[in-house]
Every structure is written in structure tokens, then in C-alpha cells.
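> Turn this into a structure:
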Amino acid sequence: SAASDVYKRQLVENNRLSEFVSSNNKGKVTEVRLEKDKTYDVTPYITNSESQDCIVNISCKEHNAVIDNEIKATCTKTGLTKGKHCSVCNTVIVAQTKVKALGHKYSKSVVKATLTSNGKITKKCTVCSTIEPTISIARIKSVSLKKSAYTYNGKVQKPSVIVKDANKKTLKNGTDYTVAYSKNKNIGKATVTVTFKGNYSGSKKLSFNILPAATSTISVKQTTNSITASWKKVAGVSGYRVYIYKGKKLVNRADTTKLSHTFKKLSKGTEYKIVVKAYKKIDGKKVLSLVSKELLTATKLSAPTSVRVKAGKKMATVSWTKVKSANSYTVYYSTKKNSGFKKLTVIKNSADIKKLSSGKTYYFKVVANKKAGKAVVASDYSKLISAKIK
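Numbering: from 1, shown residues only. Presented below is the predicted three-dimensional model:
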């Protein structure tokens, strides 16, 4: 055809292939630059018989391969692998693939915080030298024990340690510090050593006391102006401190190595509180037990005076002079002078004792009672009197 004739004439000219795309395009030409001394396939075909549109396929029989250079990935940007393509027809021979960004590789420099100064953490990338913002480490502000004293129980004691930085953040045991205990079983002063680690350095020593156990039950003996307190021995202690209170007011105190102590010059018929604590000398100081025994008691009242008895039929009425501060009175009666006494407690300063045996002589004596807590302290006995029952 006419179009084929044109392609034959225009096939190669000055190393170029000229293609008349369509007779309707009035001579429009598409050019493809060719390599000298290379062989190509040229395939023209008509796409539309009416318009005589023609397409020419051109392909390399031998690709002219050129290198697509590798683009190395950085810490923050992706890269490409090495590839190849044809410089003539742009066919990809070896495809390039993406390489992920490498990410920063930091070296870390730490200036550790201490009890007196702040620390800091600096991070710098060893690949691209990028420096991250400095992280501040607040100094250690406080190191304390949750409990500062224990009562001796034969077991080791390990109070918890509380460590806080200047920002009130609580540091973690095992991560930020370690704890070691010594002399933490027997009565005396125990030591706690806190050694800082991780982002912190230095150490701190703390101490707590293991104190004596409490004394045992207190027993007392009273007169009208004195109280003697007694107690049992506590193992491992240096001595005892005894207090006497009148109400909430401390009247006196005394330290002793004995197991009893007498407070004198006290008020007659008055309620007192006795407190006993054990102590241990630690570093020359007397360290008292955490707990103590307490006892409410009282000095004795004066014995009732002017005791009188009026015998009646199978009964007797006993009376006496009222004793100041007495809460009650107890009348003792018996047919014997020194034994076999029965008793009757009354509030007033007289008592009717009934169901006595007619014709027998009875002996009577009276005490005044002072209540002290749950206890009752009796005075000495009044003078013994007698009467024969009708």
C-alpha cells in the first residue's frame, strides 16, 4: 500500500526511525532514536482500514543495559537497591527495591543524680550525629524508713525504705537502689544501708531501734502515803523506768535496775496510775520500750474510827465515823477474834448484820474502800470490837 511504501522509504535515516502514524494526520511523524549498530524489530500494522491509522511496534533485540545506582537508606529516609534498565526502550531489567530507613543508633551518656545534685541523660546517634533533647534526672531528696522502732520478738526486722526525688517521684527498690540490713534482730540499734544504682549514685545509712519488750503484770502494795510497784524481769534490758501519774499529771518517775520501786509522800486515799517501761542503753542513751504496763491503783484511806456496835435480837448494828473519799465500806464479823470472818459491803457508814446466833459473842472490824479503775483498795482495819447477841 501507499503507507507501506512510505515506511520502506523512511525506515532508517540518520540513525532514526520515522513513523507516519496516520495519513489523516497530514504528515505527523513520531520519532524514536535508535542506537547505531543495534538490531530492532519493527512491526507496523493498520488499526483502522478506513482511516488508514497505523501503529509501529519497535523493540530491541538486544537491550542496552545501564545501571540504576543504589540509593543508600539513612536514619530517617528510605533508599533503593541497585538496578538495571534498557537505555533504548526503558525496559526494566533488574528492578530496584525500597530499603527501609535505618533508624537512629544512639550512644547514651549518663551523668548520675546524687543526694546533692541533679543528673542528666544525653543521646547522640552514632550514624548521623543527631542529638536528642537532654533528659534531666532529679536529685535524691529524701531517704527514710517506714518504721523507726520495733519491739523485740526474736525475729529479724526489715522496715521498708522510702526514697523520693526532688520531683516527689518515688524511686524503686531493685531498679534505683538496693537495701542491706545489719544488727537487725536483737535489742539495740540496727543499720540500714541504701546503695543507689541505675541513674543514681551514692549511698545513705539509716538506723532504727529494736526495743525491749514490755514488762509483765504490775503488782502493788499501798499505805496511806506510799505505793510500791513490782514486776517480773525482762530479758536483755539494762533497767526499768517507773512513772506515777495523778490523773494525767506526772507526779514522779524513777530509773532502777531492780524489779520494784516505792513512791513515797503521796496523798492519802488518792487514785494514781503506775506505768513501767523497760529500757536498753544504746550508744550511752537509755532507749525505752515502745509499750508498757499500766495499773490504776490508790493509796489507802485512813481506817474507820469510832466504831460502835449495838446488839439486838439475832442481829447487830455497826456504825463508824464517815471516812472522806471512801466509796464504800466493808464490815467483817466472826465469832472468833482472828479467823472465820464473814463480810458485808455497804455504802453508808453503818450496817445491819442479821441472822446472827443468839447468846454468842461476835467480833467486828471495818475497812474503808477506795475505788481505782476496776480495782478496790481497802484501808487498814479499824479497831476490833465485840458484842454479845441477844
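> all contacts plus neighbour counts: C-alpha atoms, from now on.
OK.
> V143: how many residues sit nearby?
Neighbours of V143 under the rule other Cα atoms under 10 Å: 17.
> next one: K336
The number of residues near K336, taken as other Cα under 10 Å, comes to 13.
> Provide a list of residues in contact with it.
362-363 (Cα atoms under 8 Å, 6 or more residues apart in numbering).
> Mind checking what secondary structure it has?
coil (DSSP: H, G, I helix; E, B strand; the rest coil).
> Would you mind measuring from it to Y363?
Distance, K336 to Y363, by Cα to Cα, to the nearest Å: 7 Å.
> what do you get for K337?
K337 is 6 Å from Y363, where distance means Cα to Cα.
> ok, those two, which is more surrounded?
Relative neighbour count places Y363 above the other of K337 and Y363, with 18 against 14, counting by other Cα under 10 Å.
> In contact with that one, which residues?
So Y363 contacts 333-337, 384-387 (Cα under 8 Å, 6+ apart).
> let's see 10 Å
309, 332-338, 341, 384-388 (Cα atoms under 10 Å, 6 or more residues apart in numbering).
> So which of those residues wins on neighbours?
That'd be Y333 among the contacts of Y363, by other Cα under 10 Å, with 23 neighbours.
> Look at the closest residue to that residue other than its chain neighbours and report its pLDDT.
In space, and not counting its chain neighbours, Y333 is closest to F364: 4.6 Å by Cα to Cα, 6 or more residues apart in numbering. At F364, the pLDDT value in this model is 98.
> Just confirm F364 contacts Y332, I think it does.
Yes. Between F364 and Y332 there is a contact under Cα atoms under 10 Å: 5.7 Å.
> shared neighbours, the two?
In contact with both F364 and Y332: 341-343, 381, 384, using Cα under 10 Å, 6+ apart.
> Looking at those, which are in strands?
342-343 (DSSP state E).
> what's the closest of the shared contacts of F364 and Y332 to K146?
Using Cα to Cα, Y381 comes nearest to K146 of the shared contacts of F364 and Y332, at 55.7 Å.
> any idea how far T256 is from the nearest residue to the closest one once chain neighbours are set aside?
Nearest residue to Y381 in three dimensions, chain neighbours excluded: V367, at 5.1 Å (Cα to Cα, 6+ apart). Distance of V367 to T256, computed by Cα to Cα: 34 Å.
> what residues are up against I218?
Counted by Cα under 10 Å, 6+ apart, I218 has contacts 229-232, 260, 274-276, 293-296.
> about what we covered before: please say which of V367 and T256 ends up with more neighbours.
Comparing V367 with T256 by other Cα under 10 Å, the one with more neighbours is V367, at 25 against 14.
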